[in-house]
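In: sequence and predicted structure are below.
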Number of protein chains: 2
Amino acid sequence: MQSDDKHRRATIHDVARAAGVSAATVSKVLRGVKTVRADNAERVHKAVSELGYRMDPLASGLRGEHRRIIGAVVPDLESPFFGKLVTELESLAEAAGYHMIVASSRESEAREADLAARMNDWRVAGCILVPVRSERGPGAEKLLDFGMTAVLVDRVSADERFDTVSADNHEASASVADLLIGRQGHKHILLHGATRISKAIRNRLAGFGERARALDPGVVIDELLSDEPLETQRAAIRSYFDGKVNGHRPTAIFSLSQHSTLLVLSEIRRMGLRIPEDVALVGFDDADWMQTTWPSITAVAQPVSAIAKRAMTALLARVEGEHTGFPVQYLEPCTLLVRQSAGQSETERPRRSGRSG
Amino acid sequence: MQSDDKHRRATIHDVARAAGVSAATVSKVLRGVKTVRADNAERVHKAVSELGYRMDPLASGLRGEHRRIIGAVVPDLESPFFGKLVTELESLAEAAGYHMIVASSRESEAREADLAARMNDWRVAGCILVPVRSERGPGAEKLLDFGMTAVLVDRVSADERFDTVSADNHEASASVADLLIGRQGHKHILLHGATRISKAIRNRLAGFGERARALDPGVVIDELLSDEPLETQRAAIRSYFDGKVNGHRPTAIFSLSQHSTLLVLSEIRRMGLRIPEDVALVGFDDADWMQTTWPSITAVAQPVSAIAKRAMTALLARVEGEHTGFPVQYLEPCTLLVRQSAGQSETERPRRSGRSG
DNA sequence: CTTGTAGAATAAACCGATTTATCTTTGGAT
DNA sequence: ATCCAAAGATAAATCGGTTTATTCTACAAG
């Protein structure tokens, strides 16, 4: 299997010698170039497997301007969302014959810029960047400086310089309004989340608000947005509910992030309110525990796979010169996973009583 | 900042020309070799910054046997545990002047072996492997075949061929017994988890069992271990509790994995039992939601940082030839985070009543 | 005024592939 | 049989660094 003495690896020249051809021919065979006689290709393959030859992916790309490597930079690797994203991207890149190099910017814009430069050092063929904050961040700027081909993912809605891919936060939030207001007829709803000036959060607020008013101009929407520490937020939720006695209390809550959902959930339980009888709960961003906990939590699931697929497809199309037109903005649709915490929707259980919107 | 025409990068030869020295000298300066006259080093640095020169990390390692790269192979990137581990490892590797290449074996032993081979293709200086299942898996075998220097992490307790690092599952579980039996005096405890033949799970069972019997020979320990699908496990939990009426019901549960903790928690809630009044709950493996949910969940936190630090330190010591002795097995201590679900421990709130073990 | 030697500098070989420019075959048409 | 074009094969240049072997200094000792 391995070459004879010690751990010296077989090179393309060893293969060439064993097959009785030149190194150039071996290179052609290995890259699938067709201008090789069948018998020669045959002997090359035989020599490759006899010597256990494996190409050095680095030396391979040394000569050309780019190597068969795709870079990926994400804000962190500790959240399941990015973990899943990276896993899918890696899988897609490999299927297309590329290696993938992953790096975490650890939520730092300075590091993001550094990593962009580093990806350029690696001479990656293309790069997928999930910006720490905005599409105008230093990472994207560096990519532009270097003239790298790249695709921006998530946390971004539009950029006239790169292809971008993100979840359709606006429409997904509107579909939550459809469920809570259109189908279930809630008249008073609380929106809970962070204020962080992220395009994604703003789109969620806007998407819900617009659809809600369109469905029922009289609906009451309270907003409880804060970036305060955990305990402060817990207190804020309790005091909000204390202030709302009896009928003035909201009958449904839409939490705008996973963190927010968990917080709201635990406070509701602590206050002794029943879900969904006393108050319905829908969260943005799905998580494993939401399916297992009881009652299970209705949530908007982000289309990680679709995002990964679209991003890699778009990137490879650029890399391989199949697409040279203007930048494109892709929006991938989310899925609303209706579970127990939203109560029985009429669509789900049509035989229930008929009080709709 | 960047080189003049278009996007042609400056090479070491450009720097040499600009500084009026040879490429070899530039190389020495850049690698910190001391046999260079101060004034020459000075001019090299000036030229580097003027041309915005950045070394190509691939071409750099081409000649030597190894490149300044550390490989890391983990079973998945979607769980926060491995995500955090990889993040820390990356950070440590970079601090030591290495690049890091991460890959997920996606829980497949075949892929694990393939990745090991791939790491060898990259000529990494060293590799950190978290085996999919056991330390005898194909990945470790490949590493051995290739004569690579490597450290095995987690899911492994001992290997006479590689340095290994893992959490001290045995002792951590014993400390759970200390809490539940020694400090709180529980007489009847349920252990819940998967049966998977993983050394880690077996150590958790053994660690708890041994300490439990040492503290109170009369303690009753039930085990509910299963790899059945979700719904089957839920039913098993309910029927277990149905069979245990009144005083024969366990007063505490130790769940052996995060997944198990969530499952137990939701079933307990569904059955209407109060935590910790009716039954106390301690889980192995901490998660964000356990701190936020109400009541908060007592859990054993694995020492991710310590594991990462130890693993990288051990690997670099091997890579740089500072350590050449026999393989070492490191066990890193876990932390028991006592929260509401375990009830008031006497150590935490000493002014409470005094009924101890 | 040599000679010796340690310290610096460098030209050239090298790493392992790809690509180019050139040379050799092959096969078909005349 | 002759010639030519197309297909295949290959020697050599190349990528951007590192390493080696050699040359060049400078300075001290003889």
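Out: Perfect, thanks for sending it.
In: could you list the contact residues of chain A toward DNA strand D?
Out: Contacts of chain A with DNA strand D, taken as CB under 7 Å from any atom of the strand, map to A:20-25, A:28, A:34-37, A:40, A:62-63. (Each C-beta comes from the backbone N, C-alpha and C, glycine too.)
In: of the residues you listed, list those near chain B.
Out: residue A:62 (CB under 8 Å from any CB of the partner chain).
In: let me know the closest of the residues of chain A next to DNA strand D to residue B:257.
Out: Ranked by distance to residue B:257 (CB to CB), those are led by residue A:62 at 46.1 Å.
In: at which residues are the strands of chain A located?
Out: For chain A, the strands defined by DSSP state E occupy A:67-74, A:99-104, A:124-129, A:150-153, A:163-167, A:188-193, A:220-225, A:252-255, A:280-284, A:298-301, A:329-332, A:335-337.
In: now residue A:30: how far from residue A:43?
Out: Counting by CB to CB, to the nearest Å, the gap from residue A:30 to residue A:43 is 13 Å.
In: circling back: just the strands of chain A: most buried one?
Out: strand A:150-153 (a mean of 29; mean count of other CB atoms under 10 Å in any protein chain shown).
In: point out the other helices and strands that that strand packs with.
Out: Packed against strand A:150-153 by the contact rule (3 or more CB pairs under 8 Å, 6 or more residues apart in numbering or on different chains; DSSP states H and E) you find strand A:124-129, helix A:138-145, strand A:163-167, helix A:304-319.
In: who's in contact with the nearest residue to residue A:117 once chain neighbours are set aside?
Out: The shortest distance from residue A:117 to any non-neighbouring residue, by CB to CB, 6 or more residues apart in numbering or on different chains, is to residue A:142 (5.8 Å). Residue A:142 is in contact with A:113, A:116-117, A:120, counting by CB atoms under 8 Å, 6 or more residues apart in numbering or on different chains.
In: from these, pick the one nearest residue A:241.
Out: residue A:113 (44.1 Å).
In: and residue A:21, what does it touch?
Out: Residue A:21 touches A:40, A:43-44, counting by CB under 8 Å, 6+ apart.
In: just the ones of these in helices?
Out: Among those, the ones falling in helices (DSSP state H) are A:40, A:43-44.
In: got a winner among those residues for most neighbours?
Out: residue A:44 (25 neighbours; other CB atoms under 10 Å in any protein chain shown).
In: could you verify my assumption that that one touches residue A:15?
Out: Yes. Using CB atoms under 8 Å, residue A:44 is in contact with residue A:15, at 6.6 Å.
In: shared neighbours of the two, anything?
Out: residue A:26.
In: and the pLDDT at residue A:136?
Out: Listed pLDDT for residue A:136 reads 79.
In: switch the helices and strands packed on strand A:150-153 over to TSV; also include distance to DNA strand C.
Out: Output for these, formatted as TSV (distance: least, CB to the nearest atom of the strand, whole Å):
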stretch	distance to DNA strand C
strand A:124-129	12
helix A:138-145	23
strand A:163-167	25
helix A:304-319	14
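In: can I get these in CSV with distance to residue B:343?
Out: Listed next are those as CSV, based on distance: least, CB to CB, whole Å:
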stretch, distance to residue B:343
strand A:124-129, 48
helix A:138-145, 48
strand A:163-167, 42
helix A:304-319, 39
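In: in CSV, list the contacts of residue A:21 along with pLDDT.
Out: Rendered in CSV, the data for these read as follows (pLDDT from 0 to 100):
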residue, pLDDT
A:40, 94
A:43, 95
A:44, 96
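In: what does the stretch 1-150 of chain A put close to chain B?
Out: Contacts of the stretch 1-150 of chain A with chain B, taken as CB under 8 Å from any CB, map to A:2, A:7, A:54-59, A:61-62, A:67, A:76-80, A:82-84, A:86-87, A:90-91, A:101-104, A:106, A:117, A:120-123, A:145-147.
In: which among those residues count as buried?
Out: A:55-58, A:61, A:67, A:76-80, A:82-84, A:86-87, A:90-91, A:101-104, A:106, A:117, A:120-123, A:146 (16 or more other CB atoms under 10 Å in any protein chain shown).
In: picking that back up, just flag the most distant two among the residues of chain A next to DNA strand D.
Out: Going by CB to CB, the pair spanning the residues of chain A next to DNA strand D furthest: A:37 and A:62, at 27.7 Å.
In: I'd like the strands of chain A as CSV, with mean pLDDT appended.
Out: As requested, these are exported to CSV (pLDDT from 0 to 100):
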stretch, mean pLDDT
strand A:67-74, 96
strand A:99-104, 97
strand A:124-129, 97
strand A:150-153, 96
strand A:163-167, 94
strand A:188-193, 96
strand A:220-225, 94
strand A:252-255, 97
strand A:280-284, 97
strand A:298-301, 98
strand A:329-332, 95
strand A:335-337, 97
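In: need those strands in a markdown table with distance to residue B:217, can you?
Out: A markdown table is the format used below for the strands of chain A (distance: least, CB to CB, whole Å):
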| stretch | distance to residue B:217 |
| --- | --- |
| strand A:67-74 | 52 |
| strand A:99-104 | 50 |
| strand A:124-129 | 59 |
| strand A:150-153 | 59 |
| strand A:163-167 | 57 |
| strand A:188-193 | 51 |
| strand A:220-225 | 54 |
| strand A:252-255 | 49 |
| strand A:280-284 | 47 |
| strand A:298-301 | 48 |
| strand A:329-332 | 60 |
| strand A:335-337 | 49 |
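In: tell me which of those approaches residue B:71 most closely.
Out: Among the strands of chain A, strand A:99-104 comes nearest to residue B:71, with 11.3 Å by CB to CB.
In: who does that closest one touch, helix- and strand-wise?
Out: Using 3+ CB pairs under 8 Å, 6+ apart: strand A:99-104 touches strand A:67-74, helix A:80-95, helix A:109-121, helix B:80-95.
In: try it again with 6 Å
Out: If you count contacts as 3 or more CB pairs under 6 Å, 6 or more residues apart in numbering or on different chains; DSSP states H and E, strand A:99-104 packs onto strand A:67-74, helix A:80-95.
In: roughly how far does the residue of the stretch 201-350 of chain A found nearest DNA strand C sit from residue A:80?
Out: Using CB to the nearest atom of the strand, residue A:320 is the residue of the stretch 201-350 of chain A that sits closest to DNA strand C, at 13.1 Å. Relative to residue A:80, residue A:320 is positioned 31 Å away (CB to CB).
In: same question for residue A:223.
Out: Taken as CB to CB, the span from residue A:223 to residue A:80 is 27 Å.
In: what's the answer for residue A:195, then?
Out: Taking CB to CB as the measure, residue A:195 falls 24 Å from residue A:80.
In: what about stretch A:20-27, distance to the chain center?
Out: Offset of stretch A:20-27 from its chain centre (CA atoms, centre = their mean, to the nearest Å): 43 Å.
In: per-residue confidence averaged over that stretch?
Out: 95.
In: do that stretch and DNA strand C meet?
Out: Yes. Applying CB under 7 Å from any atom of the strand, one finds stretch A:20-27 touching DNA strand C at A:23-24, A:26-27.
In: thinking again about what came up before, mind putting the contacts of residue A:21 into TSV with distance to residue A:170?
Out: Shown next, in TSV, are these (distance: CB to CB, whole Å):
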residue	distance to residue A:170
A:40	58
A:43	60
A:44	55
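In: check the burial of the closest residue to residue A:305 other than its chain neighbours by counting its neighbours.
Out: Here the nearest residue to residue A:305 in space, its sequence neighbours aside, is residue A:88; by CB to CB, 6+ apart that works out to 5.7 Å. Counted by other CB under 10 Å, the residues lying close to residue A:88 total 19.
In: and residue A:88, how far from residue A:320?
Out: Counting by CB to CB, the separation of residue A:88 from residue A:320 is 20 Å.
In: excluding chain neighbours, what is closest to the closest residue to DNA strand C within chain A?
Out: The nearest approach of chain A to DNA strand C comes at residue A:27, 2.8 Å away (CB to the nearest atom of the strand). Closest residue in space to residue A:27, ignoring its immediate chain neighbours: residue A:12 at 6.3 Å, by CB to CB, 6+ apart.
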